[in-house]
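test case, fold it:
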Amino acid sequence: MQTQLAPQYANTAEGIEAAKILGKCVHCGFCTATCPTYQLLGDELDGPRGRIYLIKQMAEGQAPTEKTRLHLDRCLTCRNCESTCPSGVQYGNLVDIGRKWAEENTPERPLGQRLTRWALTEGLTSPKLFNTAMALGRLVRPLMPAGIARKIPEVKNKALSSDTKPYARPSTQHARKMLILEGCVQPGMLPNINSATARVLDALKIQLISAPNATCCGALRYHLNDQAGGLDNAKQNMDAWWPLVEQGVEAIVMTASGCGVMVKDYGHLFANDPIYASKAKKISELTKDISEILPSLEEQLLELVGSDPKPGVVYHPPCTLQHGQQIRGKVEGLLTAMGIGVRLCADSHLCCGSAGTYSVTQPELSEQLRKNKLSHLNAACEESGAKVIVSGNIGCITHLQQDDTPVMHWIEIVDQLIAEQHNTKQ
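Numbering: from 1, shown residues only. Now for the predicted structure:
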C-alpha cells in the first residue's frame, strides 16, 4: 500500500513509521476474519483493513471526522489481526498513531466521554484512589448492579496453608532475584495474584522484589490517547527499576499480560529518545511474563507438586499474551506437565471484551463479547468436567467473573498445589 505522506507528517517519526507499516498491507482481508468487532458489526470500517484505510487517509492529509475517531475507538487493540496477517503488518503500533492523529484533528469529545476518560486515567493509575474506591465498593457491593458488582471481587480471607496469612509474601532471602511490576489495579482488586507469584518463586529459590516508586505501566493512559502521560509513567518505572537492573535482577516479572505487552514495547516507544533509549531496550529485554519464566524451572516445580493427575481447568489465553506478546502454549504445557488437564474453549483466539478500559468506554460491544466468551468457556467446563476457569490477565479475570464457575489466575493454582504438598508433608 503506497502512501504519500502529507507535509505535516512527512518528516515526523510517527509519519515515517505509519508509512512503513502501511506499506506492508496487501489488502488481503485475512484480518477481518479474526477481528471481533468486525464479526459483531459487519462493517468494513470496524475491521483492521478498514481502519488501516482510515489511517492512510489521515496520513495523506485528509481530515478525520468524529466517525473516523469512533471506528478507531471501537478497536479492541487485541492484535488478533497481527497473528493472522501474512504480511507482518504491525497494526497495534499503527492504530496508536492513527488514534493520536484523530484525537488531535477532531472536535473535542462530549463532556461525558471526557469525564469518563479523565476518571479512568486519574483514578485507575492512582493506587491510593483506586484502593479507597475498591474498599468502599466492597461495602456496598450487594446493592450494586450485577455488571458493576462483578468488577469488585470479594476478599477471600482463607489462607492457603496453616502457617500462611492471606496474601502473605515470603521474606526469605535468595541469591537469585527477580523484579515484579505490582500493577496499578491488581493489588487492590486481586492481591493474591502477586502474592502467589512471590510464594511460587520463593519455593523455587528465587526472591521476588518490587520497586516502591514504580507506577502504572503506562498502557492505560497511552491507549486512551494520553500518550505523553503514558510515556511519563514508563519513564518513572525505568527510573525506579534501573538501580535494581544494575544490581543484576534476572528478569522483570509480569503477572498481568496487559502490562507485559506494554513494558516489552518500551524499547520501541523510546527508540529515538536520547536519554531513555538504551535503558528502555534493556528493560524490554528483561521483561518476562510469568508463563515464560516457570517452564525453565519445570523440573524443580515437579519435584514440589508431582505430575500425578489433578483436577482440570479451562484456560482463557489473554489477547495480550497470545497476540500482543505472541506467547502460546506455555501455560498449557506447564500445567499439563504438572498433571492438570487443560482445555481451551471454542474460538479461544478471540477477545473476551475486557481490553483494558474497553469495557467502560464501549460497554455494549464489550458485553456482547463477554457473553460469547463465557458461553464457550462454560461449555468447555461442562464437556471436560473442569470446575475452574484460569487466565493470565487481571482485566480478563475480572471481566469474566460469574456466580457459578470461578475465574482466577493460573499461578494461583500452582501456588495452591505447592501449599497442599507442603501441608501433606508436615
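
below-threshold pLDDT in the chain: ranges please.
127, 129-151, 153-167, 425-426 (pLDDT under 70).

secondary structure element holding the residue nearest to the spatial centre of it?
The centroid of the chain falls nearest to residue 258 when counting by C-alpha atoms, centre = their mean (1.5 Å). Applying DSSP states H and E as the criterion places residue 258 in helix 257-263.

who touches that helix?
181, 183, 217-219, 222, 234, 237, 252, 254, 283-284, 287-289, 318, 320-321, 324-325, 327, 356, 392-395 (C-beta atoms under 8 Å, 6 or more residues apart in numbering). (Glycine included, C-beta is placed from N, CA and C.)

which among the residues you listed count as buried?
Neighbour counting by 16 or more other C-beta atoms under 10 Å classes 181, 183, 217-219, 222, 234, 237, 252, 254, 283-284, 287-289, 318, 320-321, 324-325, 327, 356, 392-395 among those as buried.

can you pull the domain assignment for this protein?
Domain assignment for the chain, taken from automatic domain parsing, gives 7-104, 127-292, 304-425.

which stretch among the ones you listed comes nearest residue 118?
Of all the domains of the chain, it is domain 127-292 that lies closest to residue 118, at 9.4 Å by C-beta to C-beta.

report the distance from the closest one to the chain centre.
Computed by C-alpha atoms, centre = their mean, to the nearest Å, the chain-centroid distance of domain 127-292 equals 11 Å.

any idea how far residue 330 is from residue 27?
34 Å (C-beta to C-beta, to the nearest Å).

nope, residue 396 is what I meant
32 Å.

of these two, who's got more company?
residue 396 (29 against 9; other C-beta atoms under 10 Å).

contacts only, for residue 378.
Here residue 378 is in contact with 404, 405 (C-beta under 8 Å, 6+ apart).

confirm residue 238 sits in a helix?
Yes: membership of residue 238 in a helix is supported by DSSP: H, G, I helix; E, B strand; the rest coil.

does it touch residue 279 like I think?
Yes: Residue 238 is within contact range of residue 279, at 5.1 Å (criterion: C-beta atoms under 8 Å).

now list whatever residues contact both of the two.
Here residue 238 and residue 279 share no contacting residue, scored by C-beta under 8 Å, 6+ apart.

the closest residue to residue 203 other than its chain neighbours and residue 170, how far apart?
Spatial nearest neighbour of residue 203, chain neighbours left out: residue 418 (5.2 Å); criterion: C-beta to C-beta, 6 or more residues apart in numbering. Residue 418 sits 12 Å away from residue 170, going by C-beta to C-beta.

shared neighbours, those two?
Residues touching both residue 418 and residue 170 (C-beta under 8 Å, 6+ apart) are residue 199.

who has more neighbours out of the two?
Neighbour count, other C-beta under 10 Å: between residue 418 and residue 170, residue 418 has more, with 21 against 15.

all strands of the protein, in order?
In the chain, the strands defined using DSSP state E lie at 176-180, 206-209, 252-254, 287-289, 310-315, 340-344, 389-391, 407-409.

can you put the ones you listed in TSV and add distance to residue 10?
As requested, those are exported to TSV (distance: least, C-beta to C-beta, whole Å):
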stretch	distance to residue 10
strand 176-180	41
strand 206-209	46
strand 252-254	37
strand 287-289	34
strand 310-315	46
strand 340-344	46
strand 389-391	43
strand 407-409	46
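
how about those, which one is nearest residue 31?
Closest of the strands of the chain to residue 31 is strand 340-344, at 21.7 Å (criterion: C-beta to C-beta).

just give the number of residues close to the nearest residue to residue 172 once chain neighbours are set aside.
What sits nearest to residue 172 in space, not counting adjacent residues and going by C-beta to C-beta, 6+ apart, is residue 202, at 5.7 Å. Neighbour count of residue 202, defined by other C-beta under 10 Å: 17.

show me the contacts for residue 202.
By C-beta under 8 Å, 6+ apart, residue 202 lies in contact with 170, 172, 174, 208.

follow-up on the earlier one: got the contact list for the residue nearest to residue 203?
Going by C-beta under 8 Å, 6+ apart, the list of residues near residue 418 reads 199, 200, 203, 304, 305.

wait, which of those residues is closest to residue 77?
Set against residue 77, the nearest of the contacts of residue 418 by C-beta to C-beta is residue 200 (29.8 Å).

residue 333 versus that closest one, what's the distance?
16 Å.

same check, this time on residue 299
Per C-beta to C-beta, residue 299 is found 14 Å from residue 333.

more neighbours: those two, which one.
Comparing residue 299 with residue 333 by neighbour count (other C-beta under 10 Å), the higher total belongs to residue 333, at 14 against 8.

correct me, but residue 304 touches residue 419?
No: with contact defined as C-beta under 8 Å, residue 304 does not reach residue 419; the gap is 10.1 Å.

look at these two and report which has more neighbours.
More neighbours surround residue 419 than the other of residue 304 and residue 419, with 21 against 16 (other C-beta under 10 Å).

now the residue nearest to the centre of the chain: closest residue in space that isn't a chain neighbour?
Leaving aside its sequence neighbours, residue 258 sits nearest to residue 320 (C-beta to C-beta, 6+ apart; 4.6 Å).

report the contact partners of that neighbour.
78, 79, 257, 258, 260, 261, 393.
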